[in-house]
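Undergrad: Quick one: sequence and predicted model below, then my questions.
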Amino acid sequence: MKKEITLIAALFSLFSGSVFGQDGYWQQAIDYKIEVTVDEAKHQLQGLEKIVYTNNSPDTLNKVFFHLYFNAFQPGSMMDVRSRTIADADPRVGDRISKLSEDEIGFHKINSLHQNDSSVDYTVSGTILEVHLNEPILPGEQTSFYMEFDSQVPLQIRRSGWNNKEGVEFSMSQWYPKMCEYDTDGWHSNPYIGREFHGVWGDYDVQIDIDSKYVLGGTGVIQNPEEVKNGYGGNEGKPSGERVTWKFKAENVHDFVWAADPDYVHLQESGPNGMELHFLVQPDTAYFETWKQLPKVTAQAFEIMNETFGSYPYPQYSVIQGGDGGMEYPNATLITGKRSLSSLIGVTIHELIHSWYQGMLATNEAKYPWMDEGFTTFASAIVSGKINNSAPSFQGSIIGYQRLVQSGQQEPLTTHADHYHTNRAYGVASYVQGSLVPVQLMHIIGEDMLFAGMKNYYNQWAFKHPRPDNFKRVMEKTSGVELDWFFENWIGTTKAIDYSIQEVKSSLRSQEITLANLGQFPMPVSMEIEFKDGSKKTYFIPLRIMRGTGNTTDTRIVVEEWPWTFPTYTLTIPKKEGKIARITLFPEGRVADQNFENNTWENK
């Protein structure tokens, strides 16, 4: 274990060595020591939290904020009202919070709070704790907080809670008072209404005192496996009524999740680079055999991610039955487990890939959910395709995006996750339209450049909370193509792409193909021409504002640039090339054109 910790520390140093002070870049740091005692019958916790917080910002901090996520699970909370009043309510939530009884609600109650050795004043406002500091935290200084708190775990409704729909007793996400992130945009003290997260990287030392009948798993490495349940995860542990303390440590993570159930069975698999994969599942006779097939596929997915997108540096990962569907956390995921094999593999691949985009790159998900959910959706398609030995198709994503545009419900990707008017608009924007960022970049700069850029992005920005401009600049530097036009339109507007084949004319010596841009969104055009003899050629018409063509190793024939203000473009093909039988725009299926019907022409 000591060797593994030394290795992971070296990797983190490689990633974060230039975090502080590089071109004015900085980020905060935090270390948690949390001790909780679980009252299993009441679903309550008694907790102590010791925090060392480092202010790496150039600002003097006179107050700090904490998230109190469990307070969302109370009738009349912001999450409750939002869930009941949004036009297309999430069926997992709906009006369920409004119906919780006193012993089913969630809460965090702060019993005492000290900064260094002195008590401090604080205000609780829903899911946010505002702390008024006695001593300001100066730039470059550290301060310590000591908190005593009681919590009640809510009946499982959304992510957190007890007694999920599959009977898992404790799904423990968002379970402790968690410091809000402070960055160049200031404090991110967003109330919890059910969407996305943002956090401070640090080290976690977590001790959980619980009845010995429970098996636990979660973020980090268990420090005392020999003391808990036959080493870890056996079913024949100590009898109920005795107490045991599970000790976890996790380095350089921005959150901590755990789950507990007396019936969990522990499966294990070796992953790439010596990492350990853990699986905690109830032994349901209908699904347990399916779960036994999951470990090897999970190890394969990690191997593909390491090769394609960048190396996973942690020593372990846990796939845990719990929660209300699938949700990602550092080093772990909670997923519902009563699934077919394809569904189980699909959700596991998606959630583990979040380790890259939510866990290690960790863009502010609340502001830029598409950079997490979208990139994870894209990478999931790539990884699943390699596992299944098939080419990934993005046609379904394009159609889903088209339907949102046609519905009139689309909102720009700059919309804060909490402020989308509908769940549909949020979901399609974040998962689908977000995934079409790298898909369309494959079209614009070429497949090789896209994947080189994705790996460069990870290597340069892991553990640094990147923003859209950081990703854009990596792609520009990798490809040599200017991409402002694409990001400004795709992220900041709801403009749509619509190119058509307007006219095909033939003369004695040439054939003229005129294309028209019927939309407001400029896009380079790929055009496949099939000749009467069955041969095919693909032409690539770059935009003048690209100032380059990216990947030149493919078989596309690059022709004269299209100035984006010109509504039409004519390409002349010599007759000697052959008689044209069929023309198809965007044949690779990587552009979200709004009308497929005007993308083809046949010589009848």
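TA: Okay, I see it. The structure presented is a predicted model; accordingly, all values stated were derived computationally and were not measured.
Undergrad: residue contacts, the residue lying closest to residue 356 once chain neighbours are set aside?
TA: Leaving aside its sequence neighbours, residue 356 sits nearest to residue 309 (C-beta to C-beta, 6 or more residues apart in numbering; 5.8 Å). For the C-beta atoms, the positions are set from N, CA and C on the backbone; glycine is no exception. Applying C-beta atoms under 8 Å, 6 or more residues apart in numbering to residue 309 gives the contacts 356, 379, 454-455, 458.
Undergrad: tell me the contacts of residue 416?
TA: 366-367.
Undergrad: which residues make contact with the helix or strand containing residue 489 from outside it?
TA: Assigned by DSSP states H and E, residue 489 belongs to helix 484-492. Under the criterion C-beta under 8 Å, 6+ apart, residues 370, 412-414, 433, 436-437, 440-441, 444, 468-469, 472, 495, 520-522, 543, 545-546, 564 lie in contact with helix 484-492.
Undergrad: Any regions of the stretch 1-150 of the chain where pLDDT drops low?
TA: For the stretch 1-150 of the chain, applying pLDDT under 70 flags the ranges 1-23.
Undergrad: ok so, going back, gap between the residue nearest to residue 356 and residue 375?
TA: Residue 309 is 9 Å from residue 375, where distance means C-beta to C-beta, to the nearest Å.
Undergrad: Need the residues touching each of those two.
TA: With C-beta under 8 Å, 6+ apart, residue 309 and residue 375 have common neighbours residue 356.
Undergrad: Please write out the alpha-carbon positions of whichever strand or helix holds residue 84 in PDB.
TA: Element membership for residue 84 (DSSP H and E) is helix 78-85. Only the C-alpha atoms of helix 78-85 are listed here, as PDB (Å, rounded to 0.1, in the frame of the first residue of the first chain):
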ATOM      1  CA  MET A  78     -36.300  24.600  -2.900                       C
ATOM      2  CA  MET A  79     -35.800  21.100  -4.300                       C
ATOM      3  CA  ASP A  80     -39.300  20.100  -3.300                       C
ATOM      4  CA  VAL A  81     -41.000  23.200  -4.800                       C
ATOM      5  CA  ARG A  82     -38.900  23.000  -8.000                       C
ATOM      6  CA  SER A  83     -39.600  19.300  -8.400                       C
ATOM      7  CA  ARG A  84     -43.400  19.900  -8.100                       C
ATOM      8  CA  THR A  85     -43.600  23.000 -10.300                       C
END
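Undergrad: Distance from the chain centre to that helix, please.
TA: Its chain's average C-alpha position is 24 Å from that of helix 78-85, according to C-alpha atoms, centre = their mean, to the nearest Å.
Undergrad: which strands and helices sit next to the helix or strand following it?
TA: For helix 78-85, the following helix or strand on the C-terminal side (DSSP H and E) is strand 107-115. With contacts defined as 3 or more C-beta pairs under 8 Å, 6 or more residues apart in numbering; DSSP states H and E, strand 107-115 has these neighbours: strand 121-125, strand 128-137, strand 142-152.
Undergrad: Apply 10 Å and report the result again.
TA: Here strand 107-115 touches strand 44-54, strand 61-67, strand 121-125, strand 128-137, strand 142-152, going by 3 or more C-beta pairs under 10 Å, 6 or more residues apart in numbering; DSSP states H and E.
Undergrad: Could I get the buried residue list for stretch 162-173?
TA: Judged by neighbour count (16 or more other C-beta atoms under 10 Å), stretch 162-173 contains these buried residues: 162, 164, 166, 168-173.
Undergrad: Can I get stretch 346-365 as PDB, trimmed to CA atoms?
TA: C-alpha atoms of stretch 346-365 as PDB (Å, rounded to 0.1, in the frame of the first residue of the first chain):
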ATOM      1  CA  GLY A 346     -23.800   0.600 -20.200                       C
ATOM      2  CA  VAL A 347     -24.500   2.400 -17.000                       C
ATOM      3  CA  THR A 348     -21.200   1.200 -15.400                       C
ATOM      4  CA  ILE A 349     -19.100   2.400 -18.400                       C
ATOM      5  CA  HIS A 350     -20.800   5.800 -18.400                       C
ATOM      6  CA  GLU A 351     -20.400   6.300 -14.600                       C
ATOM      7  CA  LEU A 352     -16.700   5.200 -14.500                       C
ATOM      8  CA  ILE A 353     -15.900   7.500 -17.400                       C
ATOM      9  CA  HIS A 354     -17.100  10.300 -15.200                       C
ATOM     10  CA  SER A 355     -13.900   9.700 -13.200                       C
ATOM     11  CA  TRP A 356     -12.200  11.600 -15.900                       C
ATOM     12  CA  TYR A 357     -14.600  14.400 -16.600                       C
ATOM     13  CA  GLN A 358     -16.300  14.900 -13.200                       C
ATOM     14  CA  GLY A 359     -13.600  13.400 -11.000                       C
ATOM     15  CA  MET A 360     -10.300  14.500 -12.400                       C
ATOM     16  CA  LEU A 361     -10.900  17.300 -14.800                       C
ATOM     17  CA  ALA A 362     -13.900  18.400 -12.700                       C
ATOM     18  CA  THR A 363     -15.200  21.300 -14.600                       C
ATOM     19  CA  ASN A 364     -17.800  23.300 -12.600                       C
ATOM     20  CA  GLU A 365     -20.700  21.000 -13.500                       C
END
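Undergrad: Let me see the mean pLDDT of it.
TA: For stretch 346-365, the mean pLDDT works out to 98.
Undergrad: What of stretch 568-587?
TA: Per-residue scores along stretch 568-587 average to 95.
Undergrad: Rebuild the buried residues of stretch 162-173 as a markdown table, extending it with pLDDT.
TA: Output for the buried residues of stretch 162-173, formatted as a markdown table (pLDDT from 0 to 100):
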| residue | pLDDT |
| --- | --- |
| 162 | 98 |
| 164 | 97 |
| 166 | 97 |
| 168 | 98 |
| 169 | 98 |
| 170 | 98 |
| 171 | 98 |
| 172 | 98 |
| 173 | 98 |
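Undergrad: What is the burial count for residue 263?
TA: Neighbour count for residue 263, taken as other C-beta atoms under 10 Å: 17.
Undergrad: pLDDT score for the residue nearest to the spatial centre of the chain?
TA: Nearest to the geometric centre of the chain sits residue 372, at 3.3 Å (C-alpha atoms, centre = their mean). Per-residue pLDDT puts residue 372 at 98.
Undergrad: Now render the buried residues of stretch 162-173 as TSV, adding secondary structure and distance to residue 209.
TA: Shown next, in TSV, are the buried residues of stretch 162-173 (DSSP: H, G, I helix; E, B strand; the rest coil; distance: C-beta to C-beta, whole Å):
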residue	secondary structure	distance to residue 209
162	strand	17
164	coil	22
166	coil	26
168	coil	20
169	coil	16
170	strand	13
171	strand	19
172	strand	14
173	coil	19
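Undergrad: now, among the residues you listed, which is nearest to residue 260?
TA: residue 170 (4.2 Å; C-beta to C-beta).
Undergrad: which residue packs closest to that closest one, ignoring adjacent ones?
TA: Residue 170 sits nearest to residue 260 (C-beta to C-beta, 6+ apart), 4.2 Å away.
Undergrad: Next SSE downstream of the helix or strand where that neighbour lies?
TA: In this structure, residue 260 sits in strand 258-261 according to DSSP H and E. Using DSSP H and E, the helix or strand that follows strand 258-261 in sequence is strand 265-270.
Undergrad: Pop the domain breakdown of this protein in here.
TA: Domain segmentation of the chain under automatic domain parsing yields 23-200, 395-492, 499-602.
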